[in-house]
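S.K.: Below are the sequence and a predicted model for it; my questions follow.
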Amino acid sequence: MWIQRTPEEVTRWQKATRKEARSHGLLIGVSAWIITVVVLSSGWFVNFQSGIAVPTSFAGTFWVRLPIFGLLASPIIFIALHYESKKVLKAAARLTICPQCDTPGDDNAGASCGCDGTFVPQCSMKWVEK
């Protein structure tokens with residue numbers, strides 16, 4: 001059964017959602033950074049026109065290039081963190097539910113449901129067992 005959340009529970013839900021979005025963004029950012037640094041340091045370069053990685057000749061060994069490309073690619077983490085966190089937060093804010101028939105929705109808060117109920121933001125409702 002769906003019941004209304006208290007203001008404290010809504011605040012906790014929002015805080016947990018922000019934390020989850022941040023950790024998701026950080027995971028994506030660090031993963032992209034690691035892949036980029038390893039690929040570039042190993043002497044491969046992605047040709048964006050053909051979409052494949054091709055070998056190139058960079059000066060130095062892998063261990064010399066690793067910190068250089070690590071430093072140059074570091075903005076990837078911050079860009080991905082910002083972009084992915086914002087994307088996850090927007091998706092969570094759009095989620096709605098009809099408390100009468102348990103029908104989920106997306107970006108339709110206040111709209112009528114087929115069961116004569118009304119969609120409400122999911123952050124304002126919680127499920128409890130009878």
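M.R.: Yep, that arrived.

S.K.: Contact partners for the closest residue to residue 127 other than its chain neighbours?
M.R.: Nearest residue to residue 127 in three dimensions, chain neighbours excluded: residue 2, at 5.9 Å (CB to CB, 6 or more residues apart in numbering). C-beta: built from backbone N, CA, C; applies to glycine. If you count contacts by CB atoms under 8 Å, 6 or more residues apart in numbering, residue 2 has them with 97, 99, 102, 125, 126, 127, 128.

S.K.: rerun that using 6 Å as the cut-off
M.R.: For residue 2, the set of contacting residues under the criterion of CB atoms under 6 Å, 6 or more residues apart in numbering consists of 99, 125, 127.

S.K.: what about burial for those residues, which qualify?
M.R.: Burial by neighbour count, judged by 16 or more other CB atoms under 10 Å, picks out 99, 125 from those.

S.K.: of all the contacts of residue 2, which comes closest to residue 91?
M.R.: Within the contacts of residue 2, proximity to residue 91 (CB to CB) peaks at residue 125, which comes in at 16.9 Å.

S.K.: so what's the closest one closest to, chain neighbours aside?
M.R.: By the measure of CB to CB, 6+ apart, the closest residue to residue 125 outside its immediate chain neighbours is residue 2, 4.8 Å from it.

S.K.: Can you give me the pLDDT of that neighbour?
M.R.: Among the per-residue scores, residue 2 shows a pLDDT of 86.

S.K.: before we move on, the earlier item: from residue 97, how far out is the residue nearest to residue 127?
M.R.: Distance from residue 2 to residue 97, counting by CB to CB, to the nearest Å: 7 Å.

S.K.: which residues are common contacts for these two?
M.R.: With contacts taken as CB under 6 Å, 6+ apart, the residues that reach both residue 2 and residue 97 are residue 125.

S.K.: Mind checking what helix or strand follows the helix or strand where residue 71 lies in sequence?
M.R.: According to DSSP states H and E, residue 71 maps onto helix 62-72. Sequence-wise, the next helix or strand beyond helix 62-72 is helix 75-94, with elements assigned using DSSP H and E.

S.K.: average pLDDT for that next one?
M.R.: When pLDDT is averaged over helix 75-94, the result is 93.
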